[in-house]
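Chemist: what shape does this take:
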Amino acid sequence: MSAFTRAWQEIAPIGRADSGGYLRYALTEPELTLRDWFRTQAARRDMRVTDDGNGNLFAWRGEPWAPGTVLTGSHFDSVPHGGGYDGPLGIVSAFLAADRIDASRQIGIAAFVEEEGGRFGVPCLGSRLLTGAIAPQQAAALTDRDGISFAEALGSVPAGADLAKIGNVAAFVELHVEQGRALDVPVGVASAIWPHGRWRMDFAGVGDHAGTTRMSDRRDPMLTFAFTVLAANKEARLSGAHATMGRVQVEPNATNAIPSLVRGWLDARAADTGTLDRLVDAVVRKATERADRDGTSLTVTPESVTAEVAFDEALGRQLSKVLGNAPILPTGAGHDAGVLSAHVPTAMLFVRNPTGVSHSPAEHATDEDCEAGIEALATVLAELT
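Modeler: Next up, the predicted model:
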């Protein structure tokens, strides 16, 4: 049994749901158990663990945040019923890659909190706090679906940014399972992350009885919402972009009641900022026009918007070369690496996903490809240190 297979079997049962996917929300019991696993792995390697006060964990070979340190790692949290590889693969691979390079190499391994935004609604929350992309008080006030705030879950108001420490990092390299079908070899290198964002759309109407209210008298926000879902799909296809409305809340959420409020979230992504802006503008315009016809109203709130990220081009070429001219490809998925790229030279390695499916129990990578990813990350860490 390979080192990867043994390590993967240790964490595979943690947070697994009956669906076969995972419920590893940030700072809940499964994710906290994985954080304990992180500390145990660090202790086995005589690596010191620190917490930055934002919920991010770091294991260090050498002095924490020492100048010239190369940082790697990823996240443990999942989307609801997501796959097991998205995030944890990068942390497991980091520890195993550290075992394959000289102990004198100065590296750090990160476990970022709330990368998916599945609990508190803002993706890459830990890395945003670390880099100052979100204010501590704003992050502290974020709540989950049960009304628990991020500060309550964390046990304190987040500490916020420490740019002096980040400035000591020579490079950050995140290994991640590929989230698409573009990679036909075991390992690739990322070139860029598409601009993307999440917009909350509140459709308000008039709640009423389903059996006594004439169709002509209704002001049903569900109709406006349903039209918007179809409009988002159409506009995304016309522009070569991606639009998804995969989360919805309804009030009062009763079978025999016309809703008074439908709240949906638009996830939109495109290859460039101009296309993304035009896509969102078109969806909002069509939804607003439909709301006028339905006698409802629409309020749009941007919850997180991330500009296009171009990873360090020279670093990407360097890593591709040392990995035998590994392919370089963009991604439509957001990552902590994208947040850190504004502050340190950053790169990503992708491990082939034969299904091409992610954020789903069907997400997968073979043990052989994962081993190839570990070897590639070890090669990269040795090269950069």
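Chemist: every contact and neighbour count from this point should use C-alpha atoms.
Modeler: Fine.
Chemist: state the mean pLDDT of the biggest helix by length in the chain.
Modeler: In terms of residue count, the longest helix belonging to the chain (DSSP state H) is helix 273-294. Mean pLDDT, computed over helix 273-294, is 98.
Chemist: contacting residues around the helix or strand that that helix is followed by?
Modeler: Sequence-wise, the next helix or strand downstream of helix 273-294 (DSSP states H and E) is strand 297-306. In this structure, residues lying in contact with strand 297-306 by CA atoms under 8 Å, 6 or more residues apart in numbering are 121-123, 195-205, 221, 284, 287-288, 291.
Chemist: orientation of strand 297-306 relative to helix 273-294 in degrees?
Modeler: With axes from the mean of the first three to the mean of the last three CA atoms, to 10 degrees applied, the angle from strand 297-306 to helix 273-294 works out at 160 degrees.
Chemist: can you tell me the strand partners of strand 297-306 and which way each runs?
Modeler: Strand pairing for strand 297-306, using DSSP bridges, gives strand 196-204 (antiparallel).
Chemist: distance between the partner strand and the chain's centre?
Modeler: 18 Å (CA atoms, centre = their mean, to the nearest Å).
Chemist: with stretch 59-75 instead?
Modeler: With CA atoms, centre = their mean, you get 21 Å for stretch 59-75.
Chemist: residues of it that come out buried?
Modeler: For stretch 59-75, the neighbour count (16 or more other CA atoms under 10 Å) marks 59-62, 64-66, 69-75 as buried.
Chemist: in strands, which of those fall?
Modeler: Within these, residues falling in strands by DSSP state E are 59, 60, 61, 69, 70, 71, 72, 73, 74, 75.
Chemist: surely the fifth one meets residue 174?
Modeler: Spelled out, that is residue 70. No. Residue 70 is beyond contact range of residue 174, at 10.8 Å (criterion: CA atoms under 8 Å).
Chemist: what are the contacting residues of stretch 374-385?
Modeler: By CA under 8 Å, 6+ apart, the surrounding residues in contact with stretch 374-385 are 68-70, 93-94, 96-98, 100-102, 105-107, 171, 175, 187, 319, 322-323, 349.
Chemist: okay, and which of these map to helices?
Modeler: Using DSSP H, these in helices are 93, 94, 96, 97, 98, 319, 322.
Chemist: which of these are buried?
Modeler: 93, 94, 96, 97, 98, 319.
Chemist: any idea which of the residues you listed is closest to residue 53?
Modeler: Within these, the smallest distance to residue 53 is 22.1 Å, found for residue 94 (CA to CA).
Chemist: now do the same for the closest one: its pLDDT.
Modeler: Here, the pLDDT recorded for residue 94 equals 98.
Chemist: next up, the contacts around it.
Modeler: 72, 73, 109, 175, 374, 377.
Chemist: how about the strands in the stretch 51-200 of the chain?
Modeler: Along the stretch 51-200 of the chain, the segments classed as strands by DSSP state E, counting those that start in this stretch run 57-61, 69-75, 107-112, 169-177, 187-193, 196-204.
Chemist: just to revisit the earlier point, got a markdown table for the ones in strands among the buried residues of stretch 59-75, with pLDDT and distance to residue 45 too?
Modeler: Listed next are those as a markdown table, based on pLDDT from 0 to 100; distance: CA to CA, whole Å:
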| residue | pLDDT | distance to residue 45 |
| --- | --- | --- |
| 59 | 98 | 10 |
| 60 | 98 | 10 |
| 61 | 96 | 9 |
| 69 | 97 | 17 |
| 70 | 98 | 17 |
| 71 | 98 | 16 |
| 72 | 98 | 16 |
| 73 | 98 | 16 |
| 74 | 98 | 19 |
| 75 | 98 | 20 |
